[in-house]
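Novice: This is the structure alone, sequence omitted:
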């Protein structure tokens, strides 16, 4: 099989980054896999593959550093994107790495890696380019969900094989008439291990434990979370506690909303927890609450399936491909009233619902098995 370099540019660990981590870990003893990353996520990846198989491109998100804040506007605005310039300037470095290690395939994740790889392919046409689509903010109507890199401005015909992580994304691309070459849908996957708690849960009668994963990201619906919590209290549902995982900046909006509504006693703001330690919070919770505005194929939902954790979520994007309504969770419109009703119903019927959800998940987990997914990837790497 040809040697493959996974290429991802990001400012932190989210769903797409976890997919790459999980996949590379499952390739642990395979000498054909390398990784190209930026310094901001290097620490999370440095132990996944040997040091000599990693190309660290250095800092890319320099505008987030304190000393650059005064010129942040000039480094990134609607006219000029400094990150794109930095990434494209690494082309020769990447080409040398590929030549030295006889890499024939670059598999990109997220947009900055893709636009960089297209430039690389233009200079070295023999390199094959595979790209995994993890989201499609640029094709949505919400102006707050616009990406830095516009999808319509990417020449997708330069991509030798396009992978969508959800059927929802493939349909959305085709609906918006994005010109595509060869493509397929391959779900995100996980490997079972001791951190996934598959044992039956019994709800703690004194407290109902709600898990929210998304920190202060607008797309994850932290404001809708707060609205729902306020409604729960108004409905005399008071014996609960909310744990928040994910990136939390100082004085972030979710913290301000919690203070504004005097909800401090109901919340624990944990922040980002390195995988797989974050799964301890899944195993200690009674429900994963996902009031998201948009999702592709969220890793948190898949992790909940493996942990047999009931999910209450927005019926958006690819969530319905993981959470099957009334089989392993509840899907709602993005309305706090519906979320409130679903949470109270789950709490009042927890043991019965958890038992039926767990039985369904035993089979449903097979759709996201990392070994099946790797087999599909290997077929692409061999045939491309």
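Specialist: Okay, I see it. Please read all numbers here as calculations on a predicted model, not as lab measurements.
Novice: What separation do you get for residue 367 and residue 315?
Specialist: Remark: distance between residue 367 and residue 315 (CB to CB, to the nearest Å) = 18 Å. C-beta: built from backbone N, CA, C; applies to glycine.
Novice: Repeat that for residue 173.
Specialist: Look at residue 173 and residue 315: by CB to CB, they are 20 Å apart.
Novice: Which of the helices and strands in this structure ranks last by mean pLDDT?
Specialist: Every helix and strand in the chain was compared by mean pLDDT, DSSP states H and E; the lowest is helix 72-75, with a mean of 53.
Novice: Quick check: phi and psi on residue 271?
Specialist: Listed backbone geometry of residue 271 is phi 90, psi -160, with angles given as degrees, to the nearest 10.
Novice: likewise residue 161?
Specialist: Dihedral pair for residue 161: phi -150, psi 130, per degrees, to the nearest 10.
Novice: ok, residue 160 touching residue 127?
Specialist: No. The criterion here is CB atoms under 8 Å, and residue 160 misses it with residue 127 at 9.1 Å.
Novice: neighbour-wise, which of those two wins?
Specialist: For residue 160 versus residue 127, neighbours defined as other CB atoms under 10 Å are more numerous around residue 127 (20 against 17).
Novice: What are the neighbouring residues in contact with the more buried one?
Specialist: Contacts were defined as CB atoms under 8 Å, 6 or more residues apart in numbering; by that measure residue 127 touches 98, 103, 104, 105, 106, 120, 121.
Novice: and which of these is nearest residue 275?
Specialist: Comparing the contacts of residue 127 against residue 275 with CB to CB places residue 106 closest, at 24.3 Å.
Novice: Just checking: what are the partner strands of the helix or strand containing that closest one?
Specialist: Residue 106 is located in strand 103-109, with elements delineated by DSSP states H and E. Taking DSSP bridges as the criterion, strand 103-109 forms sheet pairs with strand 3-8 (parallel), strand 128-133 (parallel).
Novice: Could I get the pLDDT score of the most far-flung residue of the chain relative to its centre?
Specialist: Here the chain reaches farthest from its C-alpha mean at residue 236, the gap being 34.2 Å by CA atoms, centre = their mean. According to the prediction, residue 236 has pLDDT 97.
Novice: Kindly confirm my reading that it forms part of a helix.
Specialist: No. Residue assignment for residue 236, taken from DSSP: H, G, I helix; E, B strand; the rest coil, gives coil, which places it outside any helix.
Novice: pretty sure residue 216 is touching residue 254, no?
Specialist: Yes. In this structure, residue 216 sits in contact with residue 254. The criterion is CB under 8 Å, and the distance is 4.8 Å.
Novice: and for these two, which residues touch both?
Specialist: Counting by CB under 8 Å, 6+ apart, the contacts common to residue 216 and residue 254 are 222, 248.
Novice: Neighbour count: those two, which is higher?
Specialist: residue 254 (24 against 21).
Novice: Helix or strand: which one has the more buried one?
Specialist: Residue 254 is part of helix 253-260, with elements assigned from DSSP H and E.
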